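Enquirer: I'd like to go over a predicted model; first the sequence, then the structure.
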Amino acid sequence: MKTAHSPRLELRQGQSLVMTQALQQSIKLLQCNSLELRAFVEQELEKNPFLDEEDLTTPPAEDESREEVIEDSGEPQEADFGDDTYNADDANYADDSSDIEKDYLRHEQSLSTTGGSFDDEDTRTIDDNPSAKISLREHLIEQLNLQIHDPIKRLIAANLIDMVDEAGYIKDDLKTVSAALGIELTEVEFVLAQLQTFDPAGVFARSLSECLALQLKDKNRLDPAMQALLDNLQLLADSKYEELKKRCGVDKDDLREMIGEIRELNPKPGSDFIRDTSQVLEPDIFVRRLPDGNWHIELNMANFPKVMVNKRYYKKITTETRNIKDKQYLTEQFGSANWLVRALEQRAQTMLKVAGELVKQQDAFFRLGVRYLKPMTLKTIAVETGYHESTISRVTNGKFLICPRGTFELKYFFTSALARSEGGGEDVSSQSVKHYISEMIVQETADTILSDDDIVDRLKERNITVARRTVAKYREALNIPSSPKRKRLKLEMI
């Protein structure tokens with residue numbers, strides 16, 4: 001029996017999700033960082049005749065303010081930051097060298113202030129010198145990205161890099177970083193020691209003698225006699241050579257040779273790099289503590305372009321237009337202008353709501369420091385705000401907030417969780433566990449080196465249960481050597 005095949009018509013009903021162009025553009029706007037948003041809005045202002053930019057000098061009405069207040073959780077506060085307002089311009093450092101350095105440079109007139117040696121036959125061109133093309137900060141950031149991977153250490157290192165002046169020195173007190181981040185001073189000094197191994201040799205020094213010592217250490221030429229000379233640079237500047245010979249325990253020829261080595265060093269290791277012309281990062285959100293203990297969260301409206309629809313111009317030009325295609329074009333542009341205004345408004349409201357919930361969830365971090373960063377996922381914020389997880393991801397990507405502890409990308413606050421021991425309370429962030437491990441190792445001495453099993457036991461005392469292999473994995477992620485290697489390093493430093 002043969003079946004006949006013939007064409008026929010059928011009606012089928014089904015559902016499908018179609019993303020309109022407006023929806024796609026709204027998602028794109030939500031994902032844009034502040035620079036991308038400005039560029040997009042500027043393009044729209046150029047091509048749409050019904051869009052005008054509002055005057056940013058006019059203060060917004062009360063109902064247009066973009067701010068939120070998060071109530072304090074009532075937990076005790078361990079650190080007091082004084083003024084609630086963080087001023088990004090507070091970190092200004094003098095360009096002048098110290099008095100000792102000035103005297104030293106006056107005395108050693110033949111010293112090259114641009115670094116390097118006295119070789120007159122140096123035929124390198126500007127293209128051969130990478131420092132001639134980038135700033136010192138960019139050069140240091142590149143090395144940071146390659147050598148330090150632990151998020152807490154990277155945060156400390158980033159703060160220290162921002163403190164480096166154009167000569168390559170750190171003139172501010174490290175206690176400011178310790179207080180701002182809520183961590184021990186010893187951990188800041190530990191990270192500083194790592195940064196002082198960066199190129200160029202001598203960078204991150206806190207004094208001229210330390211700068212020269214770092215360069216000599218890099219050349220494996222820092223012996224006790226040379227260290228004694230560096231500790232008495234004022235005597236060198238005053239030409240008190242007899243006193244120097246006594247202090248260093250050397251004769252006249254050795255002292256002359258040592259001074260010759262110092263002449264080949266660069267007292268300003270950062271001077272070979274171009275002046276840093278990069279723009280200061282503008283945060284999208286301000287977080288500050290109010291006198292009553294609550295958190296005040298406000299959008300940085302300088303990062304939110306203010307545009308308006310010129311309805312009067314639209315009405316005027318449409319009444320004068322007779323061509324159907326022209327009228328259709330004007331209607332489309334008017335609709336596009338209205339959409340952009342609504343989309344920008346929705347973007348601001350979404351960012352404020354998500355940031356408010358984020359601060360609420362991480363209240364302990366903002367008050368007490370990085371060790372109190374709690375585990376948090378995109379789902380946590382999504383459940384509380386009613387947004388989809390993909391929306392939370394877009395809102396937090398490339399957006400930054402500034403608070404008394406510094407500037408952070410919103411993504412920083414999302415970390416995985418490790419369960420505490422039974423009855424031990426809430427889960428702990430994996431970054432907090434890494435911080436505890438790093439803190440333990442910083443406090444080690446040659447006689448108290450901790451094995452991975454010892455660290456496991458110490459964490460158990462904090463009601464944190466992790467496997468030995470997890471500790472080893474975290475330790476390797478922190479670029480921390482094994483216990484035998486750490487013991488050898490400690491013994492070498494004695």
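Expert: Here it is on my side, so go on.
Enquirer: hang on, Val191 in a strand?
Expert: No. The assignment for Val191, made by DSSP: H, G, I helix; E, B strand; the rest coil, is helix rather than a strand.
Enquirer: okay, now it: neighbour count?
Expert: For Val191, the neighbour count with other Cβ atoms under 10 Å is 25. Using the backbone N, CA and C atoms, a C-beta is placed for each residue, glycine as well.
Enquirer: Show the model's pLDDT score for it.
Expert: pLDDT recorded at Val191 is 91.
Enquirer: Identify the residues contacting it.
Expert: Applying Cβ atoms under 8 Å, 6 or more residues apart in numbering to Val191 gives the contacts Ile148, Lys153, Ile156, Ala157, Leu160.
Enquirer: Wasn't the last one part of a helix?
Expert: Read it as Leu160. Yes. Per three-state DSSP, Leu160 lies within a helix segment.
Enquirer: That one touches Lys171, doesn't it?
Expert: No. At 12.0 Å, Leu160 does not count as touching Lys171 under the criterion of Cβ atoms under 8 Å.
Enquirer: of the two, who's got more company?
Expert: Neighbours were counted for Leu160 and for Lys171 using other Cβ under 10 Å; Leu160 has more, 22 against 13.
Enquirer: pLDDT weak spots in this protein?
Expert: 1-6, 14-23, 55-133, 275-281, 416-429, 492-494 (pLDDT under 70).
Enquirer: Name the residue closest to the centre of it, please.
Expert: For the chain, Ala158 is the residue whose C-alpha lies nearest the centre (Cα atoms, centre = their mean; 5.3 Å).
Enquirer: I'd like the distance between Lys327 and Lys47.
Expert: Lys327 sits 18 Å away from Lys47, going by Cβ to Cβ, to the nearest Å.
Enquirer: quick one, which of the two is more surrounded?
Expert: Lys327 (13 against 10).
Enquirer: Let me see the contact set for the more buried one.
Expert: Counted by Cβ under 8 Å, 6+ apart, Lys327 has contacts Thr318, Thr321.
Enquirer: Quick check: buried residues in the helix or strand it falls within?
Expert: Using DSSP states H and E, Lys327 maps to helix 324-361. Of all the residues in helix 324-361, those buried under the rule 16 or more other Cβ atoms under 10 Å are 330, 333-334, 336-337, 339-340, 343-344, 347-348, 350-361.
Enquirer: try stretch 169-185
Expert: Result for stretch 169-185 [16+ other Cβ under 10 Å]: buried residues Tyr169, Ile170, Asp172, Leu174, Val177, Ser178, Ala179, Ala180, Leu181, Gly182, Ile183.
Enquirer: Among the residues you listed, which lie within helices?
Expert: Of the buried residues of stretch 169-185, the ones assigned to helices by DSSP state H are Val177, Ser178, Ala179, Ala180, Leu181.
Enquirer: Isn't the last one up against Thr407?
Expert: Going back to what we said before, that points to Leu181. No. Leu181 lies out of contact with Thr407 (Cβ under 8 Å); the separation is 11.8 Å.
Enquirer: Could you list the paired strands of the helix or strand harbouring Ile297 along with their orientation?
Expert: Element membership for Ile297, per DSSP H and E: strand 295-299. Sheet partners assigned to strand 295-299 using DSSP bridges are listed as strand 67-70 (antiparallel), strand 285-289 (antiparallel).
Enquirer: coming back round to it: which one of the contacts of Val191 is nearest to Gly369?
Expert: Ile156 (11.8 Å; Cβ to Cβ).
Enquirer: Quick one: residues contacting that closest one.
Expert: With Cβ under 8 Å, 6+ apart, Ile156 has these contacts: Val177, Leu181, Ile183, Glu187, Val188, Val191.
Enquirer: just Lys490 next, same as before
Expert: Lys490 neighbours (Cβ under 8 Å, 6+ apart): Glu444, Thr445, Ala446, Ile449.
Enquirer: please redo it, this time with the cut-off set to 10 Å
Expert: Lys490 makes contact with Glu444, Thr445, Ala446, Asp447, Thr448, Ile449, according to Cβ atoms under 10 Å, 6 or more residues apart in numbering.
Enquirer: so the fifth one touches Arg458, yeah?
Expert: No. Under the contact definition of Cβ atoms under 10 Å, Thr448 does not touch Arg458, with a separation of 11.5 Å.
Enquirer: any shared contact partners between those two?
Expert: Common neighbours of Thr448 and Arg458 (Cβ under 10 Å, 6+ apart) are Met440.
Enquirer: Now the nearest residue to Ala167 once chain neighbours are set aside: phi and psi?
Expert: What sits nearest to Ala167 in space, not counting adjacent residues and going by Cβ to Cβ, 6 or more residues apart in numbering, is Lys268, at 4.2 Å. Main-chain dihedrals, Lys268, degrees, to the nearest 10: phi -130, psi 80.
Enquirer: Same check on Pro200?
Expert: Main-chain torsions, Pro200, degrees, to the nearest 10: phi -80, psi 150.
Enquirer: How about the one 3 residues further on?
Expert: Here the main-chain torsion angles of Val203 (degrees, to the nearest 10) amount to phi -70, psi 150.
Enquirer: which residues does it contact?
Expert: Val203 touches 136, 139-140, 143, 161, 164, 167-170, 195-197, 211, 214-215, 269-270, 273, counting by Cβ under 10 Å, 6+ apart.
Enquirer: Quick check on the residues you listed: which are buried?
Expert: 136, 139-140, 143, 161, 164, 167-170, 195-196, 211, 214-215, 269-270, 273.
Enquirer: Okay, and which of the residues you listed map to helices?
Expert: Among these, the members falling in helices (DSSP H) are Leu136, His139, Leu140, Gln143, Ile161, Leu195, Cys211, Leu214, Gln215.
Enquirer: In JSON lines: these, plus distance to Ser430.
Expert: Shown next, in JSON lines, are those (distance: Cβ to Cβ, whole Å):
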{"residue": "Leu136", "distance to Ser430": "33"}
{"residue": "His139", "distance to Ser430": "31"}
{"residue": "Leu140", "distance to Ser430": "27"}
{"residue": "Gln143", "distance to Ser430": "25"}
{"residue": "Ile161", "distance to Ser430": "25"}
{"residue": "Leu195", "distance to Ser430": "24"}
{"residue": "Cys211", "distance to Ser430": "37"}
{"residue": "Leu214", "distance to Ser430": "34"}
{"residue": "Gln215", "distance to Ser430": "38"}
